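In: I need the structure of the sequence given here:
(one chain, ligands or ions: 1)
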Amino acid sequence: MKRIVTIQDFSCVGSCSLTAAIPVLSAAGVECCGIPTALLSNHTGFPTFYSIDLTDELEPIGNQLKREHIGFDGIYTGYIASVGQIEHIERFISEFRQPGTPLFIDPVMGDNGKMYAALTNDYPEHMRRFISGADIITPNITEACLLTGRSFNPCPTLHEIKEMLLELCGLGVKFAVITGFSEKGQLGAVGCCNGVFTEFLTPKKDVSCSGTGDVFASALLGAYLRGADYAQSLEIATKFTYAAVECTAAAPDRRFYGIHFQTVLGEYIRLLEGIEKRRQNEA
Ligand code: PXL
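Out: Residues are numbered from 1 along each chain as shown. This next block holds a predicted model:
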């Protein structure tokens, strides 16, 4: 079984960050070790939250894991609470990333044209440096605009999305994905690897719920670690996220609490098994 480490916050309530990554990656058959960067009562999209910063715990945790000779088949970062925390995580990665260890960075910074409340204005430039060594990144449109220094455009054309993807790949990213692209009543993700584009769209649901990006990113990584190629991983993650958003839409009073992915994890597992069966048939 593959073992990865994910470094992001633990929000007690909100179905996001570690509480999305661990179940989704576990459903993919991957051991998902979580290192919390902060402990929050609830995600920062609620009007108020209580937070304990755990930045200073990262180094002793890393040292202890090294002492036990624990290694990882992948490193995955999500919401990082501050520029200082990015720097700590960079040191952790330089200790644990072997040649060939995939580095997956979800550059969580904002949504709907706004940066998350707790982040500072200099954050995007540090995130831009941080993603330069990544294998896979999954910004949404807001984050892609922040990373490429563009002013926010809620409905970029496919051509504009492709320009941003090429720019992100130009930073040294192997597979850049932008989520939240919409066209003709459909919504989905577009990816780029070596100048080749991949796109997968589903019907658009007008539902916005926290944790959607975290579920998509975790599902994409899980599929990739299970042996799906980049295009297949993007398709599976988009289909699964759509199923979860549909589920959330059916429970409007609960949207604030985060995306309802839990009841459709079985769907994700079936999608992964479908890829595996196809591979066996081709062999
Ligand atoms: O889902 C992204 C996310 C992760 N972690 C925290 C957040 C958010 C978005 O609001 O506040 C703490």
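
In: S182 pairs with what?
Out: Counting by DSSP bridges, S182 forms beta bridges with L187.

In: From the ligand, how far out is it?
Out: Distance of S182 to the ligand, computed by Cβ to the nearest ligand atom, to the nearest Å: 20 Å. Placement of C-beta: from N, CA and C, glycine included.

In: who's in contact with that residue?
Out: By Cβ atoms under 8 Å, 6 or more residues apart in numbering, S182 lies in contact with 155, 188, 201, 204.

In: For the second one, give its distance to the ligand.
Out: It refers to G188. Taking Cβ to the nearest ligand atom, one finds G188 at 19 Å from the ligand.

In: What pLDDT is listed against that residue?
Out: pLDDT, G188: 97.

In: for the record, mean pLDDT for stretch 2-20?
Out: So the average pLDDT for stretch 2-20 ends up being 96.

In: So what's the residue count around G213?
Out: 25 (other Cβ atoms under 10 Å).

In: same thing with G14?
Out: Neighbourhood size, G14 [other Cβ under 10 Å]: 25.

In: what's the closest residue to it other than its chain neighbours in contact with, if anything?
Out: Nearest non-adjacent residue to G14, counting by Cβ to Cβ, 6 or more residues apart in numbering: H43, 3.7 Å away. Neighbouring residues of H43 by Cβ under 8 Å, 6+ apart: 11, 13-14, 16-17, 49, 210-211, 258.

In: And for L25?
Out: Neighbours of L25 in contact, by Cβ under 8 Å, 6+ apart: 4, 6, 32, 218, 221-222, 225.

In: In helices only, show me those.
Out: Counting by DSSP state H, the part of the contacts of L25 found in helices is 218, 221-222, 225.

In: Check these against the ligand and report the nearest one.
Out: Distance to the ligand across the ones in helices among the contacts of L25 (Cβ to the nearest ligand atom) is lowest for S218, with 10.9 Å.

In: Can you classify the nearest residue in space to the closest one that is not next to it in sequence as helix, strand or coil?
Out: Nearest residue to S218 in three dimensions, chain neighbours excluded: V24, at 3.9 Å (Cβ to Cβ, 6+ apart). What DSSP: H, G, I helix; E, B strand; the rest coil gives for V24 is helix.

In: from memory V24 sits against V215, does it?
Out: Yes: V24 is within contact range of V215, at 6.1 Å (criterion: Cβ atoms under 8 Å).

In: just to revisit the earlier point, pick the one among the contacts of S182 closest to E57.
Out: G188 (37.2 Å; Cβ to Cβ).

In: Alongside the ligand, which residues does the stretch 151-283 of the chain contribute?
Out: 210-211, 213-214 (Cβ under 6 Å from any ligand atom).

In: now T238: how far from the ligand?
Out: 17 Å.

In: Would you enumerate the residues in contact with that residue?
Out: Applying Cβ under 8 Å, 6+ apart, one finds that T238 lies in contact with 188-189, 200-202, 216.

In: For stretch 117-137, which residues meet the burial criterion?
Out: 119, 123-124, 126-128, 130-131, 134-137 (16 or more other Cβ atoms under 10 Å).
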